[in-house]
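> After the sequence you'll find the predicted model.
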There are 2 protein chains.
Amino acid sequence: MKTIAIIDDDIHIGNMLEEVLVKEGYGVIRAYSGTEALMLLSNKTPDLVLLDLMLPGLSGEQILPKIKNIPVIVVSAKIDVDHKVDLLYGGAVDYVTKPFNTKELLARIAVALRNTTVQTTLLHYDAITLNTANYAVTVSDIDLKLTRTEYAILKCLMMNSTQAVSKSQLLDHISLDTPDCTENSLKIHVSNLRKKLRDASGKDYIEAVWGIGFRLKK
Amino acid sequence: MKTIAIIDDDIHIGNMLEEVLVKEGYGVIRAYSGTEALMLLSNKTPDLVLLDLMLPGLSGEQILPKIKNIPVIVVSAKIDVDHKVDLLYGGAVDYVTKPFNTKELLARIAVALRNTTVQTTLLHYDAITLNTANYAVTVSDIDLKLTRTEYAILKCLMMNSTQAVSKSQLLDHISLDTPDCTENSLKIHVSNLRKKLRDASGKDYIEAVWGIGFRLKK
DNA sequence: AAAAGCGTTAAGAATTCGTAAAGATTCCTT
DNA sequence: AAGGAATCTTTACGAATTCTTAACGCTTTT
């Protein structure tokens, strides 16, 4: 069963949302302030977050960048387009303005969840295993301790297995975590990742494709 | 570079969209009717489709289920919620109503493209195979190690197979990688590429067209 | 025959890559 | 609020690869 987090200080809207979602078959967890939301998300990992913007404590805008790897639909009364655009570029997958149509919100939730279920939870390449559910990476049964960025790079490479991944593609893919990452710092991350893989397996898994980017090699 | 297909019979909106998208750095391909759209998508595989609903020939609703593995954003003047919901459940990734705000549409396009991976496209010519996702080239099942520029030249020739490609065309095509490339250095790249192809296959694949440029030959 | 275009070789110039180390930033704990 | 740890970015430099320039012989056109 999919679980959805409702982060909204308005009790009435929250109750109404919960009722609708439960009726639709979702599990629901709730938070009523920004700080409570962060606390909730540090304990639970729902499949999707419905985020109101005007919250006591931390605002929705402040919370959004802290939510990693969970799709966030912003549900707000603010209709300013520039603001909306900022949030979409800032990581939100959708933006629904209040008052919203319930059917449409359900449809947009279904779309957002559709994209997550397509992603496989376990990726394999040679002796490398990457678990997207818990960020765990093992090489030859040895646990690897990777940073966020290294994890994102490896995941992107593994999703494209033997295909070359261009540097700009990699930068796009990890840009949510490290917005200032340049081609220059990318190669350092690759270098560090390479070293960790090599220390654990004895093999050099990452190959440079000159002028293009990187690729996993056998 | 990401390519976006605009499927809309309204010339003005289409032109406006194309201008905006090109300015944003996207490639654009277009179709003006439902039947034309299917034809276009059978040849080309863009990274995203902007789909209008009221089209001559096949309607957008009829086309949507035929589009596989490409995210579709419906752009329509229809504001009926039930209709919108149907399309979202029917595979659309988003639904934007006309008249739309350009910035918001661009943001929603960016969101839809955020999760896409590279798609493989294979070009064939005689015994040569070029994988555009991989940057890998094989001749008679022998892997070729090409430089960026050589790859770009071969790709340009293979995309135009039997046609002659002018030198200026080639220079334009590879100018992103090597901005200083002149006709003089182009012929060295062609020479090197020719040699690599010949060493692997025993055949000379590239033919000069006097005063014009180059062409693949059987 | 002269002029212009093509093909190849070789060498110096310019990029790109890999890594180390230091500075900057963020995150977490106290 | 302060300090420390982890992470990310910048800077730097040697090594590897690729690109451009220059030169010369050959081929085609005029």
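Sure thing, it's come through.
> ok, now which ones touch the residue of chain A found nearest DNA strand D?
Across chain A, no residue is closer to DNA strand D than A:Thr147, which sits at 2.9 Å (Cβ to the nearest atom of the strand). Bear in mind the C-beta positions are built from the backbone N, C-alpha and C, glycine included. With contact set as Cβ atoms under 8 Å, 6 or more residues apart in numbering or on different chains, A:Thr147 has these partners: A:189, A:192.
> per-residue pLDDT, it?
pLDDT for A:Thr147: 92.
> Can you name the residues of chain A that neighbour DNA strand D?
A:145, A:147-150, A:177-182, A:184-185, A:188-189, A:210-211 (Cβ under 7 Å from any atom of the strand).
> Is DNA strand C within reach of the longest helix along chain A?
Longest helix in chain A, counting residues (DSSP state H): helix A:183-201. Yes - shown here: helix A:183-201 in contact with DNA strand C (Cβ under 7 Å from any atom of the strand) through A:183, A:187-188, A:190-191, A:194-195.
> residues making contact with that helix?
For helix A:183-201, contacts defined as Cβ under 8 Å, 6+ apart pick out A:127-128, A:139-140, A:142, A:144-147, A:149-150, A:153-154, A:167, A:170-171, A:178, A:181, A:203-206, A:214.
> what mean pLDDT would you report for it?
Averaged across helix A:183-201, pLDDT comes to 93.
> If you count neighbours, what's buried in that helix?
By neighbour count on 16 or more other Cβ atoms under 10 Å in any protein chain shown, the buried set for helix A:183-201 is A:186, A:189-190, A:193-194, A:196-197, A:200-201.
> Same question for stretch A:7-14.
Neighbour-count burial for stretch A:7-14 flags A:7-9, A:13-14 (criterion: 16+ other Cβ under 10 Å).
> Take those residues and keep only those in helices.
Checking the buried residues of stretch A:7-14 against DSSP H, those in helices are A:13-14.
> right, and the pair among the buried residues of stretch A:7-14 with maximum separation?
Spanning the widest gap among those are A:Ile7 and A:Ile13, at 11.3 Å by Cβ to Cβ.
> Now do the SS call for A:Ser161.
coil (DSSP: H, G, I helix; E, B strand; the rest coil).
> ok, now how distant is it from B:Ile29?
Distance check for A:Ser161 against B:Ile29: by Cβ to Cβ, to the nearest Å, it reads 28 Å.
> coming back round to it: could you turn the buried ones of the contacts of helix A:183-201 into a PyMOL selection?
To isolate the buried ones among those in PyMOL, judged by 16+ other Cβ under 10 Å, type:
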select buried, chain A and resi 128+139+144+146+149+150+153+154+167+170+171+178+181+205+206+214
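> Please list the members of the contacts of helix A:183-201 that lie in helices.
The helices, defined by DSSP H, take in A:149-150, A:153-154, A:167, A:170-171 from the contacts of helix A:183-201.
> residue ranges of the strands in chain A, please?
For chain A, applying DSSP state E gives strands covering A:3-7, A:27-31, A:48-51, A:72-76, A:94-97, A:122-125, A:128-131, A:136-139, A:142-144, A:165-166, A:206-209, A:213-216.
> Any chance of TSV for those strands, columns mean pLDDT?
TSV is the format used below for those (pLDDT from 0 to 100):
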stretch	mean pLDDT
strand A:3-7	95
strand A:27-31	94
strand A:48-51	94
strand A:72-76	95
strand A:94-97	96
strand A:122-125	83
strand A:128-131	90
strand A:136-139	91
strand A:142-144	91
strand A:165-166	90
strand A:206-209	93
strand A:213-216	93
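> roughly how far apart are A:Lys68 and chain B?
Distance, A:Lys68 to chain B, by Cβ to the nearest Cβ, to the nearest Å: 14 Å.
> Do you know the pLDDT at that residue?
pLDDT, A:Lys68: 71.
> Against DNA strand C, how distant is it?
To DNA strand C, A:Lys68 is 10 Å away according to Cβ to the nearest atom of the strand, to the nearest Å.
> Next: A:Lys66.
Distance of A:Lys66 to DNA strand C, computed by Cβ to the nearest atom of the strand: 7 Å.
> Tell me who's in contact with that residue.
By Cβ under 8 Å, 6+ apart, the contact list for A:Lys66 reads A:38, A:41.
> now with 10 Å?
A:Lys66 makes contact with A:34, A:37-38, A:41-42, A:58, A:91, according to Cβ atoms under 10 Å, 6 or more residues apart in numbering or on different chains.
> Hmm, which of those is lowest in pLDDT?
Across the contacts of A:Lys66, the smallest pLDDT goes to A:Ser42, namely 77.
> so who does A:Leu157 touch?
With contact set as Cβ under 10 Å, 6+ apart, A:Leu157 has these partners: A:123, A:125, A:128, A:130, A:163-165, A:170, A:173, A:190, A:193, A:205-207, A:213-216.
> Spell out which residues of chain A are next to DNA strand C.
So far as Cβ under 7 Å from any atom of the strand goes, chain A lies against DNA strand C at A:66, A:167, A:183, A:187-188, A:190-191, A:194-195, A:208-213.
> how does it look with 6 Å?
Contacts of chain A with DNA strand C, taken as Cβ under 6 Å from any atom of the strand, map to A:187-188, A:190-191, A:194, A:208, A:210-211.
> In terms of distance to B:Val111, which of those ranks first?
B:Val111 lies nearest to A:Val190 out of the residues of chain A next to DNA strand C, by Cβ to Cβ, at 26.7 Å.
> got the domain boundaries for chain A?
The record assigns chain A these domain ranges, following automatic domain parsing: A:3-118, A:122-216.
> Looking at those domains, spot the one closest to B:Glu24.
Between B:Glu24 and the domains of chain A, the tightest spacing by Cβ to Cβ is seen for domain A:3-118, at 12.5 Å.
> and A:Val137, bridged to which residues?
A:Leu130, A:Leu144 (DSSP bridges).
> Return the residues in contact with A:Ala208.
A:164, A:167, A:187, A:190, A:194, A:214-215, A:217.
> repeat that for 7 Å
By Cβ atoms under 7 Å, 6 or more residues apart in numbering or on different chains, the contact set of A:Ala208 is A:Phe214.
> Equivalent analysis for A:Leu113, please.
A:2, A:47-48.
> Apart from its neighbours in sequence, what residue is nearest A:Gly34?
Excluding the flanking residues, the one nearest A:Gly34 by Cβ to Cβ, 6 or more residues apart in numbering or on different chains is A:Leu58, at 2.7 Å.
> Tell me how many other residues surround the one you found.
By other Cβ atoms under 10 Å in any protein chain shown, the residues close to A:Leu58 number 15.
> re earlier: what's the PyMOL line that selects buried ones from the contacts of A:Lys66?
Restricted to buried positions by 16+ other Cβ under 10 Å, the PyMOL selection for the contacts of A:Lys66 reads:
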select buried, chain A and resi 34+37+38+41+91
